[in-house]
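**Q** how does the following fold in three dimensions:
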Amino acid sequence: MIVIAIIGILAAVAVPQFNAYRLKGYNIGGKSDAKNAAIAQEAYYVDYNTYTSDFNNLKTYGYRQTQAVTVSVNGAGNNYTVVSYHGSGDKTYTLVGPEGNITSN
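**A** Okay, the predicted model is just below:
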């Protein structure tokens with residue numbers, strides 16, 4: 001009986017902690033994709049001297065989208081914006097470049 005009570009207490013502590021770590025992992029996936037898309041934007045800029053709004057161009061420059069992460073890009077001239085989020089996460093990440101920082105909301 002005592003063993004069952006101890007297992008119940010441990011489960012009550014472990015399950016919420018596990019869910020928090022899982023959510024953090026999802027969010028990091030979204031943040032990572034924003035950074036990787038920005039790196040691909042910079043590689044595109046080196047060749048064309050402009051940023052792209054065509055997501056397929058980023059794939060040509062090495063960007064690989066993480067499963068369940070949605071990314072949108074908007075680029076023209078000397079500026080670009082990347083917005084990404086994981087479908088199971090609770091944060092949206094935005095990077096305005098060049099030389100921008102990733103912000104979340």
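**Q** all helices of this protein, in order?
**A** Remark: helices assigned in the chain by DSSP state H are 2-48, 55-60.
**Q** nearest to residue 82, out of those?
**A** In terms of C-beta to C-beta, the element of those nearest to residue 82 is helix 2-48, at 4.6 Å. The C-beta positions use only the backbone N, C-alpha and C, and glycine is treated the same way.
**Q** and the closest one, average pLDDT?
**A** With pLDDT averaged residue by residue, helix 2-48 scores 88.
**Q** now do it: which elements does it pack against?
**A** Applying 3 or more C-beta pairs under 8 Å, 6 or more residues apart in numbering; DSSP states H and E, one finds that helix 2-48 contacts helix 55-60, strand 69-76, strand 79-86, strand 92-97, strand 102-104.
**Q** what residues are up against the residue sitting nearest the centre point of the chain?
**A** Centroid-nearest residue in the chain: residue 30, 1.5 Å away (criterion: C-alpha atoms, centre = their mean). Contact partners of residue 30, counting by C-beta atoms under 8 Å, 6 or more residues apart in numbering, are 66, 69, 84, 85, 86, 89, 91, 92, 93.
**Q** count the residues that sit near the residue nearest to residue 77 when sequence neighbours are not counted.
**A** Once flanking residues are discounted, residue 77 sits nearest to residue 50: 5.8 Å by C-beta to C-beta, 6 or more residues apart in numbering. Other residues lying near residue 50 total 13 when counted by other C-beta atoms under 10 Å.
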